[in-house]
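Asker: Sequence plus the predicted model coming up.
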Amino acid sequence: MKRILLASVLLAFLLPTVGSAQNKIAIAAHRGYWDCPEAGGAQNSIASLKKAQDFHCWGSEFDVHLTADNVVVVNHDPTINGKEIQTNTFEFIKAEELKNGEAICTLDQYLEQGAKCKKTILVLELKKQQNAERENLMTDLIVEALKQHGLFKPNRVMFISFSMFICEKIAREHPTFINQYLEGDVAPADLKAKGINGLDYHYKVFRAHPEWVKEAHDLGMSVNVWTVNKEKDIKAMIDLGVDCITTNDPALVRKLLGKRENQKIKVKLK
Ligand code: MG
């Protein structure tokens, strides 16, 4: 109970004022800020993370998988250049290149860049794995890696996942971190009942359930939305008052937010 209380206090500091029409709204670069010359169009590249940091995005999102020999690697798809990640060793995939010529990187390599900027929170998406055992192991390995890089702090990293198993595990074991479920099929109160303190849903889910934003805020939960790239959709999400907009176009969201942009990650750590 004490941990849950502490988590609520931390979240209250972390999030902008919620529930009002004029709450501040943060920007998370989706798979980094990749759609620019500096990153050469390479999603989940180290260059795309650096660009998100240099652009002072509140957050930079990225995806991770676990190789068959238990190396956590950064990639969106379950395959890279046709090679399956979860069923192969790191040795087998490590030379595979992204669009900008970077090789696929390990979480360790990625966190080295992440640690360089305190102003951009890492939005770490844990991809579904073959089974609960692999998801359990991957989550533990990620926590260890974050600790080694000095990043296992609620103002440096937050977690998102389509896996309810992973979200529930993080809720149980690491309740002071922002922990958002992605699938879009569960109402805020039902997530809260599982101890999950946030939701990160597709914008069409919020179009169908606009009331979920206020419901989540009333429950002290954080609300993130993916992946919003068109002006009319961005404006609709700003009007709904979500806490964070995940986008492939951080410059456009910044322009539309103006003074409503939240760039400050405010956490008081005990
Ligand atoms: Mg993702």
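Answerer: Cool, got the structure.

Asker: CA only for contacts and neighbour counts going forward, please
Answerer: OK.

Asker: and Gly258, how many neighbours?
Answerer: 10 (other C-alpha atoms under 10 Å).

Asker: change the start of the numbering to 197 and stick with it
Answerer: In the new numbering, first residue 197, that becomes Gly454.

Asker: Surely it is in a helix?
Answerer: Yes: assessed with DSSP: H, G, I helix; E, B strand; the rest coil, Gly454 lies in a helix.

Asker: mind checking how far it is from Ile434?
Answerer: 11 Å (C-alpha to C-alpha, to the nearest Å).

Asker: what does Ile276 give?
Answerer: Ile276 sits 35 Å away from Ile434, taking C-alpha to C-alpha as the criterion.

Asker: quick one: which of the two has more around it?
Answerer: Remark: of Ile276 and Ile434, Ile434 carries more neighbours, 23 against 16, as counted by other C-alpha under 10 Å.

Asker: pLDDT wise, what is Ala447 at?
Answerer: With respect to pLDDT, Ala447 scores 98.

Asker: Next one, pLDDT for Val205 please.
Answerer: Val205 is assigned a pLDDT of 56 by the prediction.

Asker: Do you have the helices of the stretch 247-396 of the chain handy? List them.
Answerer: 286-289, 303-310, 328-344, 360-369, 384-389 (DSSP state H, counting those that start in this stretch).

Asker: Would you mind measuring from the closest residue to Glu298 other than its chain neighbours to Lys390?
Answerer: Of all residues not flanking Glu298 in the chain, Ser241 sits nearest, at 7.0 Å (C-alpha to C-alpha, 6 or more residues apart in numbering). To Lys390, Ser241 is 33 Å away according to C-alpha to C-alpha.

Asker: Between those two, tell me which one has more neighbours.
Answerer: Ser241 (29 against 14).

Asker: Now do the same contact list for the more buried one.
Answerer: Arg227, Gly228, Trp230, Ala235, Leu294, Glu298, Ile300, Cys301 (C-alpha atoms under 8 Å, 6 or more residues apart in numbering).

Asker: I figured the last one was touching Val267, is that so?
Answerer: Same thing as Cys301. No: under the criterion of C-alpha atoms under 8 Å, Cys301 is not in contact with Val267, lying 10.2 Å apart.

Asker: When the two are compared, which one has more neighbours?
Answerer: Cys301 (24 against 21).

Asker: which residues sit in contact with the more buried one?
Answerer: Residues in contact with Cys301 (C-alpha under 8 Å, 6+ apart) are Ser241, Val269, Val270, Lys290.

Asker: if you set the cut-off to 7 Å instead, what comes out?
Answerer: Cys301 makes contacts with Val269, Val270, as judged by C-alpha atoms under 7 Å, 6 or more residues apart in numbering.

Asker: So what does it look like in phi/psi?
Answerer: Dihedral pair for Cys301: phi -110, psi 160, per degrees, to the nearest 10.

Asker: any idea how far Ala224 is from it?
Answerer: For Cys301 relative to Ala224 (C-alpha to C-alpha), the value is 21 Å.

Asker: From the centroid of this protein, which residue is nearest?
Answerer: Val319 (2.7 Å; C-alpha atoms, centre = their mean).

Asker: Which pLDDT value goes with the closest residue to it other than its chain neighbours?
Answerer: In space, and not counting its chain neighbours, Val319 is closest to Glu257: 4.3 Å by C-alpha to C-alpha, 6+ apart. Predicted confidence (pLDDT) for Glu257: 98.

Asker: Tell me how many other residues surround Glu257.
Answerer: When neighbours are defined as other C-alpha under 10 Å, Glu257 has 26 of them.

Asker: My guess is it contacts Ile223. True?
Answerer: No: counting by C-alpha atoms under 7 Å, Glu257 does not reach Ile223; the two are 10.1 Å apart.
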